[in-house]
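Peer 1: Next come a sequence and a model predicted from it.
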Amino acid sequence: MSEMLANQFFISGRYFEALEEYSKLPEDKLKDPLIMKKMIICAALNKNFKKALELLENMPNDATASRENLRILKDECLCEQLLKDLETRTGENQYEENVIKMQIAILSYFTDKEKSLQYFNKLNNFNFSNLTKEFLKIHSNKTTQ
């Protein structure tokens, strides 16, 4: 029941509620790459970057091996539209600008890994440097394995 409710929240853009419902799923369901991807998106859009990056780091290597495997079906998530919306937004201050860039970095990981890593590198010296440095370190270790 929680997965159906979580998916309904996700589709309707209620990302906070969706993340809460996904988090209630049994452990074996939480390892499903599609559910993990949805949870990452929810966490990023709720500015819970630590959770989003933890989930992204724990994605199975085979789930992140190819760009096609990373895509979420357009019916389930309009990642590309979300990215376009984020890219046109501006923050009122530097912190808000960095929040938007962090959301773009995380979401673009599903559509354009190079772009994502460029954004992560840009954020390396700002508010989220502790998160981005650790993520980039783990990501570089994953790609060399």
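Peer 2: Great, that's in hand.
Peer 1: Give me the contacts around the one helix or strand K29 maps to.
Peer 2: Taking DSSP states H and E as the criterion, K29 maps to helix 27-30. Under the contact criterion Cβ atoms under 8 Å, 6 or more residues apart in numbering, helix 27-30 has outside partners E3, Y22, S23, I35, M36, M39. To be clear about C-beta, it is placed using only N, CA and C from the backbone, and glycine gets the same treatment.
Peer 1: Mind checking which of those are buried?
Peer 2: Buried subset of those (neighbour count, 16 or more other Cβ atoms under 10 Å): E3, Y22, I35, M36, M39.
Peer 1: picking that back up, please flag which of the contacts of helix 27-30 sit within helices.
Peer 2: E3, Y22, S23, I35, M36, M39 (DSSP state H).
Peer 1: Could you list the buried residues of stretch 43-53?
Peer 2: A43, A44, L45, N46, N48, F49, K51, A52, L53.
Peer 1: If you count contacts, what does the helix or strand hosting L53 end up packed against?
Peer 2: If you go by DSSP H and E, L53 is part of helix 49-57. Contacts defined by 3 or more Cβ pairs under 8 Å, 6 or more residues apart in numbering; DSSP states H and E place helix 49-57 against helix 33-45, helix 94-108, helix 129-144.
Peer 1: need the next SSE after the second one, C-terminal direction.
Peer 2: Stepping forward along the backbone from helix 94-108, the first helix or strand reached (DSSP H and E) is helix 113-122.
Peer 1: mean confidence score for that following helix?
Peer 2: In this model, helix 113-122 carries a mean pLDDT of 86.
Peer 1: Likewise for stretch 35-55?
Peer 2: What stretch 35-55 shows for mean pLDDT is 93.
Peer 1: How about stretch 128-142?
Peer 2: For stretch 128-142, the per-residue pLDDT averages 72.
Peer 1: Using PDB, list the CA coordinates for that stretch.
Peer 2: Provided in PDB are the C-alpha atoms of stretch 128-142 (Å, rounded to 0.1, in the frame of the first residue of the first chain):
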ATOM      1  CA  PHE A 128      27.600  22.200   0.200                       C
ATOM      2  CA  SER A 129      31.300  21.500  -0.100                       C
ATOM      3  CA  ASN A 130      31.300  18.900   2.600                       C
ATOM      4  CA  LEU A 131      28.600  16.900   0.800                       C
ATOM      5  CA  THR A 132      30.000  17.400  -2.700                       C
ATOM      6  CA  LYS A 133      33.600  16.600  -1.900                       C
ATOM      7  CA  GLU A 134      32.500  13.300  -0.300                       C
ATOM      8  CA  PHE A 135      30.200  12.500  -3.200                       C
ATOM      9  CA  LEU A 136      32.900  13.200  -5.800                       C
ATOM     10  CA  LYS A 137      35.400  11.100  -3.900                       C
ATOM     11  CA  ILE A 138      33.000   8.200  -3.800                       C
ATOM     12  CA  HIS A 139      31.900   8.700  -7.400                       C
ATOM     13  CA  SER A 140      35.500   8.700  -8.600                       C
ATOM     14  CA  ASN A 141      36.200   5.500  -6.700                       C
ATOM     15  CA  LYS A 142      33.100   3.800  -8.200                       C
END
